[in-house]
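A.B. asks: I'd like to go over a predicted model; first the sequence, then the structure.
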Amino acid sequence: MTSGTSDQSTTRRRERHTATPRNKRLYITYTDTELEVVRLAARHEGQAAAAWAGQKLMAVAQGTLIPVSRDAGDGLRELIRSRLHLQEAVSALHALTTPPAPFPAPAARPYAALPHTPRPAPPGPAGTALTQALDAIARVDEATLQIMRERRSRT
């Protein structure tokens, strides 16, 4: 058994390219812990460790894979979760404050009778809360886009 392979029959090697020979080598050294992480990731995708590492290196070099630190990834996931919760709050506020339609609408298309008509904000405290929630969604969207733009410019 050679380095980077395993005795499992499901492990795949990197595809061979017959058009041009691959005669350039890149040597990478890892600590025991780092190598174990690489092996686990490769095993998860059913590849040999060297094939997995080579595929990821080429993807980063070609710009199809953008490395994101764990902290930045966690931050983006939290922003996306926050936006989802804010959107649910807006939907709940709309449901509580929107008066019923003066005419019955088909159940499958409840807003078909008034296409492209924005829902009016209710007056009073509910309208203020709704406006604040919509503003918060816009700020979360802008923060998410800003983080994504910053990550893209670094790679």
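C.D. replies: Sure thing, it's come through. Numbering: from 1, shown residues only.
A.B. asks: confidence score at residue 38?
C.D. replies: Per-residue pLDDT puts residue 38 at 91.
A.B. asks: ok, now residue 78?
C.D. replies: Residue 78 is assigned a predicted lDDT (pLDDT) of 84.
A.B. asks: Contacts only, for it.
C.D. replies: Contacts for residue 78 (C-beta atoms under 8 Å, 6 or more residues apart in numbering) come out as none. The way it works is simple: take the backbone N, C-alpha and C, and place the C-beta from them, glycine included.
A.B. asks: What distance do you get for it to residue 147?
C.D. replies: 11 Å (C-beta to C-beta, to the nearest Å).
A.B. asks: just residue 131 next, same as before
C.D. replies: To residue 147, residue 131 is 25 Å away according to C-beta to C-beta.
A.B. asks: Residue 19 now?
C.D. replies: On the measure of C-beta to C-beta, residue 19 and residue 147 end up 40 Å apart.
A.B. asks: So between those two, which is more surrounded?
C.D. replies: Using other C-beta atoms under 10 Å as the criterion, residue 19 and residue 147 rank with residue 147 on top: 16 against 4.
A.B. asks: Now name the helix or strand holding that one.
C.D. replies: Here residue 147 sits within helix 125-154, counting by DSSP states H and E.
A.B. asks: buried sites along that helix?
C.D. replies: For helix 125-154, burial by neighbour count (16 or more other C-beta atoms under 10 Å) applies to 129-130, 133-134, 136-137, 140, 144, 147, 151.
A.B. asks: Let me know the closest of those to residue 58.
C.D. replies: Distances from residue 58 to these, taken as C-beta to C-beta, are shortest for residue 151 (19.8 Å).
A.B. asks: Please consider this matter closed, and thank you.
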